[in-house]
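Participant: Build me a model from this:
(one chain, ligands or ions: 2)
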Amino acid sequence: MENPVVTLKQASKSFVDGKDTHHVLEGVDFALATGASVALTGASGSGKSTLLNLIAGFEPLSRGELWLDGEDTSAWKDPQWSRFRHQKLGVIFQQFNLLTPLNVKQNIAFPLHLNQQKWGEWCDYLVEALGISELLDRHVSALSGGQQQRVAIARALAHKPKLLLADEPTGNLDHKAGLEVMRLLNEITTQGNTAVLLVTHSPECASFMQTQLVLDDGELKRADLNQKQASDISYVES
Ligand SMILES: Nc1ncnc2c1ncn2[C@@H]1O[C@H](COP(=O)(O)OP(=O)(O)OP(=O)(O)O)[C@@H](O)[C@H]1O
Ligand SMILES: [Mg+2]
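Facilitator: Residues are numbered from 1 along each chain as shown. Ligands and ions are numbered 1, 2, ... in the order given. Down below sits the predicted model:
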């Protein structure tokens, strides 16, 4: 695969709890190409959030390699991780994690400030596409769940990241609102050429992504072998 944004090689993650070692991920091989999209499903506790946390650098790998945008992260310290997160990563959390003292526009502009960028046409497009352009002066705490989720999406994508990690972004929305958010997410990330790794429990939401994978017993497996557009996702059986 040319220019993968993310590559995991034989990645394992264990948590030590007293005398017990809990192996969550074992020998995961995964690569995500520029602009490609993958849905990750799996039972509760199977390690989906753990996998996202490894890729975002919130948790270290126990074994294996993580490459981000062509760089081996094994020697990265805080400055390298901060640079990657500020410039190239967008994250959508299930609980939104919006900055509640701020209004909608200030929330969306937050990643721009971290990169010394200004609000531009891309942000105008984002808020228009997400239907929140009328809400820019409102405080985020006064918004509905669906509106807050749209703001969270805009904030995650304001700086046009190369990689979006989304952990159950429609988990708090009703079915119709969830599908609409997925449609918008798909449209915007395609427009911005952002690679997406989406965790979801919903097969319908997963179907918006080019490839569906499932975490099962610490291993990553293909969820749908009939996928047509899987050519730019490399997935290696371990
Ligand atoms: N920081 C941690 N310390 C110890 N154990 C952890 C930690 N983070 C996750 N785990 C364990 O790893 C396993 C996988 O957790 P994870 O949150 O990745 O699951 P998940 O697939 O995201 O589940 P869900 O669908 O419920 O969100 C669980 O058994 C969890 O208890
Ligand atoms: Mg989770």
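Participant: Number of residues surrounding the closest residue to residue 123 other than its chain neighbours?
Facilitator: Nearest residue to residue 123 in three dimensions, chain neighbours excluded: residue 158, at 5.6 Å (Cβ to Cβ, 6 or more residues apart in numbering). The C-beta positions use only the backbone N, C-alpha and C, and glycine is treated the same way. By other Cβ atoms under 10 Å, 24 other residues sit near residue 158.
Participant: which residues does residue 158 contact?
Facilitator: Going by Cβ atoms under 8 Å, 6 or more residues apart in numbering, residue 158 touches 108, 109, 110, 111, 112, 122, 123, 126.
Participant: same check, this time on residue 81
Facilitator: Residue 81 sits next to 57, 73 when contact means Cβ under 8 Å, 6+ apart.
Participant: quick one on the thing from earlier: of the contacts of residue 158, closest to ligand 1?
Facilitator: Nearest to ligand 1 among these: residue 111, at 24.1 Å, using Cβ to the nearest ligand atom.
Participant: What does the pLDDT read for the closest residue to the closest one other than its chain neighbours?
Facilitator: Closest residue to residue 111 apart from its sequence neighbours, by Cβ to Cβ, 6+ apart: residue 159 at 4.3 Å. You'll see residue 159 listed with a pLDDT of 95.
Participant: what's the neighbour count on residue 159?
Facilitator: Using other Cβ under 10 Å: residue 159 sits among 22 other residues.
Participant: likewise residue 60?
Facilitator: The number of residues packed around residue 60, counting by other Cβ under 10 Å, is 11.
Participant: again with residue 79
Facilitator: If you count neighbours by other Cβ under 10 Å, residue 79 ends up with 8.
Participant: Is it in a helix, a strand, or coil?
Facilitator: What DSSP: H, G, I helix; E, B strand; the rest coil gives for residue 79 is helix.
Participant: Report the separation between it and residue 85.
Facilitator: Going from residue 79 to residue 85 by Cβ to Cβ, to the nearest Å gives 11 Å.
Participant: ok, now residue 160?
Facilitator: To residue 85, residue 160 is 14 Å away according to Cβ to Cβ.
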